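Colleague: What follows is a predicted protein model with its sequence.
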Amino acid sequence: MLRTSIKGQVLADLVAEFAKPPVETVAEKRNMDGKSVGVISTLGPSCWKVYVDGAANQKGSGVGLVLISPEKTIIEKSLRLRFSATNNEAEYEALLQGMTMVQKMGGKTMEMFSDSRLVVSQVKGELEARDARMQEYLSQVKRLQSDFNLFNLSHVSRSGNTHADSLATLATSSAGGLPRIILVEHLDGANEVAKGMVHIHEVRVGPSWIDPIVRFLKDDFLAAEKSEAEKIQRNAPRFWLSEDHKLYKRSYSGPYLLCVHPEASKLLLEELHEGICGSHTGGRSLSHRAITQEYWWPGMQKEALEYAKKCDQCQRFAPNIYQPGGVLNPLSSPWPFAQWGLDIVGPFPKAARNKRYLLVGTDYFTKWVEAEPLANIRDVDAKKFIWRNILTRFGVPRTLISDNGL
């Protein structure tokens, strides 16, 4: 007889040796009235918990993943997408990356959490994916979902998914290609600031016209060159130096005007011209507006005019100017071949057939020239020239002008 019982026992021992230990779960059984009947103990596989989030902004796109293993081990992952993606596409990429990582680690049951209601609803079938790109992502999720024994996707609020959200934001805001370890420390108290004045020095600002005047008003220092020193002494009474070493220009009837460094004048004009409250005014009114805002620098009107001319929007939406750009010159001949000028040129050295003279006719409109060499200037030759070269070719002209020659 066959020993089937021994073979079955060997197979059972083999399965028990290599199988993962099950997790015991306790469920409470209730009847139809809602009363508790008893406790049912069921055995279920280990479950992974994954929190995913995607972020997309002007700096780029990123994905944040937080994986919690059945042994409560937390794995953090921040991925930067090197291709352009929308916010919904970044959410799908985060979902696919989380499923792929759990699959590589051998997990068969997982519970995922995402703060994107659109992605969660499309995966559950509550919403339809109409975009072709969203349909492709949804098909990939469905294909990976079939490899798991248990898969559950739930929606959580943004406040409940802050860990993954911070990792996704970190991927979009950080520079790529640099390994880094970020240490977060806690400060229990504020640092004590020493009493006294704290001097702040501006860096990357080159020398300008402000420096010699400030040195003269502050330390009574003049340049070695005589002409430059006289110029500073002559212009210094027009300025005033404050306690925080800011230079102001005295005005006759208004408040003192803050002197602006040449490198900061362009930013100031940009803010006044096309900033939040900018009105795209012309150069003259732009310089006047800078003065009303209590700013001043030499040559501000010229810079304002040049800046207004270079503004792209002012050139695009400027009113059409119908006035001609130059002086209009009246035309003596308004249409072609209506007015001809006749002239006799010569005498020249004798050519073939003793031809020494040249009879020329020029149209005033097109500047077309008709010429014929002649041996003698006679009325018969002039009549033949006009008939053959002008009348028969261009029609009867309105006017024939000559210099009253014979």
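Modeller: Noted; the coordinates are in hand.

Colleague: Tell me how far the residue nearest the centre of the chain lies from Ala164.
Modeller: Taking Cα atoms, centre = their mean, the centroid of the chain lies closest to Gln58, which sits 8.6 Å from it. Using Cβ to Cβ, to the nearest Å, we find Gln58 at a distance of 21 Å from Ala164. To be clear about C-beta, it is placed using only N, CA and C from the backbone, and glycine gets the same treatment.

Colleague: try Ala90
Modeller: Ala90 is 12 Å from Ala164, by Cβ to Cβ.

Colleague: for Phe317, same thing?
Modeller: Taken as Cβ to Cβ, the span from Phe317 to Ala164 is 46 Å.

Colleague: Residues contacting stretch 256-272, please?
Modeller: Residues outside stretch 256-272 that contact it (Cβ atoms under 8 Å, 6 or more residues apart in numbering): 205-206, 208-210, 239-240, 246-251, 278, 286, 289-291, 293-297, 300, 303-304, 307.

Colleague: Take those residues and keep only those in strands.
Modeller: Phe239, Trp240, Leu247, Tyr248, Lys249, Tyr295, Trp296 (DSSP state E).

Colleague: Just give the closest residue to the last one, not the sequence neighbours.
Modeller: What that stands for is Trp296. With Cβ to Cβ, 6 or more residues apart in numbering as the criterion, Trp296 has its nearest non-adjacent residue at 3.7 Å, and that residue is Leu257.

Colleague: next one: the third one
Modeller: Here the nearest residue to Leu247 in space, its sequence neighbours aside, is Cys259; by Cβ to Cβ, 6+ apart that works out to 4.3 Å.

Colleague: Give me the pLDDT for that neighbour.
Modeller: On the pLDDT scale, Cys259 is placed at 89.

Colleague: and it, what are its bridge partners?
Modeller: Trp296 (DSSP bridges).

Colleague: related to what we said a few turns ago, and the ones in strands among the contacts of stretch 256-272, which two are furthest apart?
Modeller: Trp240 and Tyr295 (15.0 Å; Cβ to Cβ).

Colleague: More neighbours: which of these two?
Modeller: Counting neighbours by other Cβ atoms under 10 Å for Trp240 and for Tyr295 shows that Tyr295 has the greater number, 20 against 14.

Colleague: residues touching that one, list them.
Modeller: Tyr295 touches Leu257, Leu258, Val260, Leu268, counting by Cβ under 8 Å, 6+ apart.

Colleague: again, only using 6 Å
Modeller: Residues in contact with Tyr295 (Cβ atoms under 6 Å, 6 or more residues apart in numbering) are Leu258, Val260.

Colleague: Ok, Tyr137 next?
Modeller: Counting by Cβ under 6 Å, 6+ apart, Tyr137 has contacts Tyr92.

Colleague: what is the rounded mean pLDDT of the helix or strand where it lies?
Modeller: If you go by DSSP states H and E, Tyr137 is part of helix 132-145. Helix 132-145 shows a mean pLDDT of 88.

Colleague: ok, residues contacting stretch 318-332?
Modeller: Tyr364.

Colleague: redo that, cut-off 10 Å
Modeller: His280, Cys311, Ala338, Gln339, Tyr364, Phe365, Thr399, Ile401 (Cβ atoms under 10 Å, 6 or more residues apart in numbering).

Colleague: Which among the residues you listed count as buried?
Modeller: Buried residues within these, counting neighbours by 16 or more other Cβ atoms under 10 Å: Cys311, Ala338, Gln339, Tyr364.

Colleague: Quickly note the distance from the last one to Leu342.
Modeller: Counting by Cβ to Cβ, the gap between Tyr364 and Leu342 amounts to 12 Å.

Colleague: overlap in contacts of these two?
Modeller: With Cβ under 10 Å, 6+ apart, Tyr364 and Leu342 have common neighbours Ile401.

Colleague: what's the following helix or strand after the helix or strand bottoming out on mean pLDDT in the chain?
Modeller: None of the helices or strands of the chain scores lower by mean pLDDT, DSSP states H and E than strand 36-44, at a mean of 44. Later in the chain than strand 36-44, the nearest helix or strand by DSSP H and E is strand 48-57.

Colleague: residues of stretch 248-265 that come out buried?
Modeller: Tyr248, Lys249, Tyr256, Leu257, Cys259, Val260, His261, Pro262, Ser265.

Colleague: The second one bridge partners, please.
Modeller: The reference is to Lys249. Per DSSP bridges, the residues bridged to Lys249 are Phe239, Leu257.

Colleague: Hmm, it is touching Leu241, no?
Modeller: No. Judged on Cβ atoms under 10 Å, Lys249 makes no contact with Leu241 at a distance of 11.1 Å.

Colleague: and for these two, which residues touch both?
Modeller: Ile213, Cys259.

Colleague: So which bits of the longest helix along the chain are buried?
Modeller: As assigned by DSSP state H, the longest helix anywhere in the chain is helix 87-104. By neighbour count on 16+ other Cβ under 10 Å, the buried set for helix 87-104 is 88-99, 101-102.

Colleague: Stretch 126-140 too?
Modeller: So stretch 126-140, judged by 16+ other Cβ under 10 Å, has buried residues Ala129, Met134, Tyr137, Leu138.

Colleague: got the end-to-end distance for that stretch?
Modeller: 17 Å (Cα to Cα, to the nearest Å).

Colleague: for it, the distance to its chain's centre please.
Modeller: Taking the mean of its C-alpha atoms, stretch 126-140 sits 30 Å from the chain's own mean (Cα atoms, centre = their mean, to the nearest Å).
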